[in-house]
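Trainee: Sequence first, predicted model second:
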Amino acid sequence: MSTAAARHQELFGTAPEGAWAAPGRANLIGEHTDYNDGFVMPLALPHNTTVTASRRDDRMLRVHSRDIPGPTVEFPLDELTPHMVESWAAYPAGVAWVLQGAGHRLDGADLYFESNVPTGAGLSSSAALEVATALALSDLNGLGLTPDDLARHSQRAENDFVGMPCGILDQMASAACTAGHVLYLDTRDLSRRQIPFDMAAEGLRLLVVDTQVKHAHADGAYAQRRAECEAGAAALDVPALRDIPHAELDAALARVEDPVIRRRVKHVVTEDHRVEQVIALLDAGRARDIGPVLTAGHASLRDDFEISCAELDLVVDTANAAGALGSRMTGGGFGGSAIVLVEADATETVGKAVTAAFAAEEYVPPRIFEAIPSAGARRVSLPA
Ligand code: ADP
Ligand code: MG
């Protein structure tokens, strides 16, 4: 028996009926565009949250995580209400609440989680947790949910039960990415294309640099940015900032009085344009040339969207100075991770330069690993 299965048995007194896994993600380009109905381009990481699950014949949901100290948390399925839970257990409980709200009848369940997705690192451990839960509950209850369903329900759980007003990027990445591809996604209607992304074949590497910092104001600032973007769309009288064509950006900016809102609009419209640029370059087989687009994206997040921080800027500046083709922060901002595109033979030099720069500033050493585009959510065999 796998250790996860043995632990499940020990915790709940019954063997798991199966195991499901959902990955974290890095976003290649398209940051803070998802709640503006715009474009994103994530890839699933080889890091996963795995859940073992078994049904119960009462209507209790019991959840336990290897990764968060504390006891098993229990909820009656019929008494779930938003914001009732402060802890990590709000994510799986929220998914059960959303599924039931959508009309699905759920049996009670015991869920045991193990993850190697870094938490709070801008790599979507929360979405991995939600999507793994949604897929396990879908299979246990015969719901047949599609990747779109899994993502939509998971996003709703995070928005309405946990209280984090995120867009759908993270959940769609975890639910719908495929190995060897980046996902080119239109967040307005979830139409998408899997774009082959094999950096090794190009003699390149895409690195993730986890700064291991998370600044305290991150969640409040996220909600504030979202509100500012909505104010921008209202000022421009469009449903969402995605509806401002890049060619009309200057005219649009001239119509926005507030200088802060103007900067937010500029970021979103130019970022959607950068997604289109990256797609065109990848389609043309010019992977190397996406580097400067990534770096331009970072400058926009730093200067116009104002969500970078000293540690992220240091990664980008140091990596680029040491010969990287381009770099940018990825994820929500104010800490978390950056991605760095390098020639394969420059991987070590660039990594060492970043690590040395962090040491010189007496920052916590960064964690650096390769972003290999991996599978989205799926049932896995035991041992997981
Ligand atoms: P990110 O999604 O970028 O990792 P978030 O702040 O959105 O950061 O989500 C992190 C939260 O998700 C954690 O604080 C915890 O509540 C929950 N979480 C993620 N992974 C796990 C896990 N393996 N076990 C329990 N909770 C987890
Ligand atoms: Mg998250």
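Mentor: Nice, I can see it. Numbers count the residues shown, from 1 in each chain. Ligands and ions are numbered 1, 2, ... in the order given.

Trainee: can you tell me if the particular helix or strand that has residue 133 in it touches ligand 1.
Mentor: Residue 133 is located in helix 125-140, with elements delineated by DSSP states H and E. Yes: applying C-beta under 6 Å from any ligand atom, one finds that helix 125-140 is in contact with ligand 1 at 125, 126, 129. Where you see a C-beta, it was placed from the backbone N, CA and C, and this is true even at glycine.

Trainee: Okay, the closest residue to the second one other than its chain neighbours and ligand 1: tell me how far apart.
Mentor: Once flanking residues are discounted, residue 126 sits nearest to residue 91: 6.0 Å by C-beta to C-beta, 6 or more residues apart in numbering. Using C-beta to the nearest ligand atom, to the nearest Å, we find residue 91 at a distance of 6 Å from ligand 1.

Trainee: Equivalent analysis for residue 2, please.
Mentor: 17 Å.

Trainee: Run through the stretch 151-300 of the chain and note the low-pLDDT ranges.
Mentor: Applying pLDDT under 70 to the stretch 151-300 of the chain flags the ranges 217.

Trainee: what about residue 91, how many neighbours?
Mentor: 27 (other C-beta atoms under 10 Å).

Trainee: likewise the one 3 residues further on?
Mentor: Around residue 94 there are 28 other residues, counting by other C-beta under 10 Å.

Trainee: Correct me if wrong: it contacts residue 161.
Mentor: Yes: the pair formed by residue 94 and residue 161 meets the contact definition of C-beta atoms under 8 Å, at 2.9 Å.

Trainee: Kindly report the residues of the protein close to ligand 1.
Mentor: The chain has residues 49, 65, 67-68, 88, 91, 113, 115, 119-126, 129, 331 near ligand 1, with proximity defined as C-beta under 6 Å from any ligand atom.

Trainee: Tell me how this structure divides into domains.
Mentor: 2-193, 198-370 (automatic domain parsing).

Trainee: Can you say which of these is packed in most?
Mentor: Sort these by mean neighbour count, taking mean count of other C-beta atoms under 10 Å, and domain 2-193 sits at the top with a mean of 21.

Trainee: So for it, first residue to last residue, what's the gap.
Mentor: 36 Å (C-alpha to C-alpha, to the nearest Å).

Trainee: quick thing: my sequence starts at 499, can you match it?
Mentor: With 499 as the first residue, the last one maps to domain 500-691.

Trainee: starting at the chain centroid, how far to it?
Mentor: 12 Å (C-alpha atoms, centre = their mean, to the nearest Å).

Trainee: Just the helices from this protein, written as ranges.
Mentor: 501-510, 588-599, 623-638, 645-654, 667-674, 716-733, 747-752, 757-781, 789-801, 808-819, 845-858 (DSSP state H).

Trainee: that older thread, pretty sure the residue nearest to residue 624 contacts residue 629?
Mentor: No: look at residue 589 against residue 629 with C-beta under 8 Å: they stay out of range, at 10.0 Å.

Trainee: residues in contact with stretch 709-726?
Mentor: Residues from elsewhere that reach stretch 709-726 (C-beta atoms under 8 Å, 6 or more residues apart in numbering): 530, 533, 618-619, 662-664, 758-759, 762, 803, 805, 807, 809-810, 813, 830-836, 856, 861-865.

Trainee: so of these, which ones are in strands?
Mentor: Counting by DSSP state E, the contacts of stretch 709-726 place 833, 834, 835, 836, 865 in strands.

Trainee: For the second one, give me its contacts.
Mentor: With contacts defined as C-beta under 8 Å, 6+ apart, the neighbours of residue 834 are 618, 619, 620, 621, 708, 709, 711, 712, 810, 827, 828.

Trainee: and if we set it to 10 Å?
Mentor: 616, 618-621, 707-713, 716, 807, 809-810, 827-828 (C-beta atoms under 10 Å, 6 or more residues apart in numbering).

Trainee: How about the fourth one?
Mentor: Going by C-beta under 10 Å, 6+ apart, residue 836 touches 524, 620, 705-709, 792, 796, 806, 809-814, 817, 825-829, 852, 864, 866.

Trainee: can you state the direction angle for the longest strand anywhere in the chain and helix 623-638?
Mentor: In the chain, assigned by DSSP E, the strand with the most residues is strand 540-554. For strand 540-554 against helix 623-638, the angle between stretch directions is 50 degrees (axes from the mean of the first three to the mean of the last three C-alpha atoms, to 10 degrees).

Trainee: could you check the angle helix 588-599 makes with strand 540-554?
Mentor: Going by the same axes, to 10 degrees, strand 540-554 makes 70 degrees with helix 588-599.

Trainee: Describe which strands strand 540-554 pairs with in its sheet and in which direction.
Mentor: strand 516-525 (antiparallel), strand 606-613 (antiparallel) (DSSP bridges).

Trainee: Redo these as a markdown table? Include mean pLDDT and distance to residue 572.
Mentor: Formatted as a markdown table, these follow (pLDDT from 0 to 100; distance: least, C-beta to C-beta, whole Å):
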| stretch | mean pLDDT | distance to residue 572 |
| --- | --- | --- |
| strand 516-525 | 98 | 21 |
| strand 606-613 | 98 | 10 |
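
Trainee: out of these, which comes closest to residue 687?
Mentor: Closest to residue 687 of the strands paired with strand 540-554, according to C-beta to C-beta: strand 516-525, at 19.1 Å.

Trainee: and the helix holding residue 631, what's its mean pLDDT?
Mentor: Across helix 623-638, pLDDT averages out at 98.

Trainee: what does stretch 837-845 give?
Mentor: On average, stretch 837-845 scores 98.

Trainee: Just give me how far that stretch sits from the chain centre.
Mentor: With C-alpha atoms, centre = their mean, you get 22 Å for stretch 837-845.
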